[in-house]
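S.K.: Sequence first, predicted model second:
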Amino acid sequence: MKEIRTFTGEEVEEKLQYGPCVDLMEETLLKLHKGGFEQYLRKSEVMPGGNIIAFMPAYCFDGYFGAKILSVFPKNSRDGYPSHQGQVMIFDGTHGELTALADATAVTKIRTGCVSAAASRCLARKDSKVLALLGAGEQAESHLKAISAVFALDEVRVWNHRFDKAESFCEAHRGISGIENVRACASAEEAVRGADIICTLTASKEPIIDRSWLKPGAHINAVGACTKAARELDSATVRAARFFCDSRESVFAEAGDFVIPMNAGEIGKEQLLGTLGELFAGEIEGRTSDEDITVFESLGIAAEDLASVKYLADLER
């Protein structure tokens, strides 16, 4: 039997560094596009009380496979717990032995921010300086650290449904990557107007972005809404944007940002231009001008989690 490498949340935070992880996520999505992974649609069940158990599997043709198993408790933040908790498991592709196990909360937190940073590096204007974070939870920290590893930011604006939480976040994260201008905003509109890169990181069921707030050339990482019934972007924003994703199948199955306006006849399937893997391969065009509004719809896929844990396990060799 092979030794099972285990990684606590603290170990993941220490060893899965943001800069290398941004590059790793780009490599992973490019590999996925080129057939290096078999990616399966996540499966989830709603449990009593409205909470969710989710199973996210994938197979890598480099000789391993695995899954992330998560509990999703949306109201956990009220009690100081993360909303997503679980484990990422890696198995050997030859005999099916379990080889690595890692805290899913930390892996999800870091890889999600790093995928958004990789998308921003590809789609946002190169001179982007102002970052807006809509939401002040763990993904706000991840996105701040990951995107500041790619862009020379000089201002970060933070909005949250609870203003005190936005203030606390700013106090705790002021000075990260040398950015002193980290400030809380009283409204989403205040945070978004004039921002170059916007990250939506909430559990909101209704749009928190209005098309009229967006400056020409803005880029959005739409991260928070991950069911057909939830959306963070209004229809006008989706209709105006060059729209990309991590997985086409996931968008049509899970992305309320896209499915709601599509079902209302406000956009067609062709509004989805392609995946990050296609962009990284140079097969499709991303931003065509400095005036384009671009959107990356992030649903999160198991290939990203497995690649992160495989990277950690390989560091231990």
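M.R.: Structure's in. What do you need?

S.K.: who's in contact with residue 237?
M.R.: Residues counted as contacts of residue 237 (CB atoms under 8 Å, 6 or more residues apart in numbering) are 207, 209-211, 214, 220, 293, 295. Bear in mind the C-beta positions are built from the backbone N, C-alpha and C, glycine included.

S.K.: Okay, and it sits in which element?
M.R.: When elements are assigned from DSSP states H and E, residue 237 belongs to helix 235-240.

S.K.: Same check on residue 288?
M.R.: According to DSSP H and E, residue 288 maps onto no helix or strand at all.

S.K.: these two touch, right, it and residue 273?
M.R.: No: counting by CB atoms under 8 Å, residue 288 does not reach residue 273; the two are 10.5 Å apart.

S.K.: So between those two, which is more surrounded?
M.R.: residue 273 (17 against 9; other CB atoms under 10 Å).

S.K.: so that one, which of the three states?
M.R.: Secondary structure state of residue 273, per DSSP: H, G, I helix; E, B strand; the rest coil, is strand.

S.K.: how near is it to residue 295?
M.R.: 10 Å (CB to CB, to the nearest Å).

S.K.: so what sits against both of those two?
M.R.: In terms of CB under 8 Å, 6+ apart, residue 273 and residue 295 are both contacted by the residues 242-244.

S.K.: Could you provide those residues in CSV, with additional columns for distance to residue 61 and secondary structure?
M.R.: Listed next are the shared contacts of residue 273 and residue 295 as CSV, based on distance: CB to CB, whole Å; DSSP: H, G, I helix; E, B strand; the rest coil:
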residue, distance to residue 61, secondary structure
242, 31, strand
243, 29, strand
244, 24, strand
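
S.K.: Filter those residues down to the buried ones.
M.R.: When those are checked for burial by 16 or more other CB atoms under 10 Å, the buried set is 242-244.

S.K.: Show me which of these is closest to residue 227.
M.R.: Minimum distance to residue 227 across those is 18.1 Å, recorded for residue 243 (CB to CB).

S.K.: you'd agree that closest one is up against residue 273?
M.R.: Yes: proximity of residue 243 to residue 273 meets the contact threshold set by CB under 8 Å, at 5.9 Å.

S.K.: follow-up on the earlier one: overlap in contacts of residue 288 and residue 273?
M.R.: Counting by CB under 8 Å, 6+ apart, the shared contacts of residue 288 and residue 273 are residue 242.

S.K.: In the stretch 201-317 of the chain, mark out all the helices, start to finish.
M.R.: Ranges of helices in the stretch 201-317 of the chain, per DSSP state H, counting those that start in this stretch, are 235-240, 248-254, 256-263, 276-280, 302-315.

S.K.: quick one, which of these is nearest to residue 142?
M.R.: helix 302-315 (12.4 Å).

S.K.: That closest one: how far from the chain's middle?
M.R.: 16 Å (CA atoms, centre = their mean, to the nearest Å).

S.K.: and it, which residues are buried?
M.R.: Neighbour counts over helix 302-315 (16+ other CB under 10 Å) mark 302-313 as buried.

S.K.: Rebuild the residues you listed as TSV, extending it with distance to residue 107.
M.R.: As requested, the buried residues of helix 302-315 are arranged in TSV below (distance: CB to CB, whole Å):
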residue	distance to residue 107
302	11
303	12
304	9
305	6
306	9
307	10
308	5
309	6
310	11
311	10
312	8
313	12
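
S.K.: Tell me the one among these nearest to residue 96.
M.R.: Distance to residue 96 across those (CB to CB) is lowest for residue 306, with 14.7 Å.

S.K.: which residues sit in contact with the closest one?
M.R.: For residue 306, the contact set (CB under 8 Å, 6+ apart) comprises 58, 60, 64-66, 68, 88, 90.

S.K.: To residue 8, which of the helices of the stretch 201-317 of the chain lies closest?
M.R.: Closest approach to residue 8 among these is made by helix 302-315 (11.1 Å; CB to CB).

S.K.: about what we covered before: identify, from the shared contacts of residue 273 and residue 295, the entry nearest to residue 102.
M.R.: Proximity of the shared contacts of residue 273 and residue 295 to residue 102 (CB to CB) peaks at residue 244, which lies at 27.9 Å.

S.K.: Any idea what the closest one is bridged to?
M.R.: Note on residue 244: beta-bridge partners by DSSP bridges are residue 274, residue 296.
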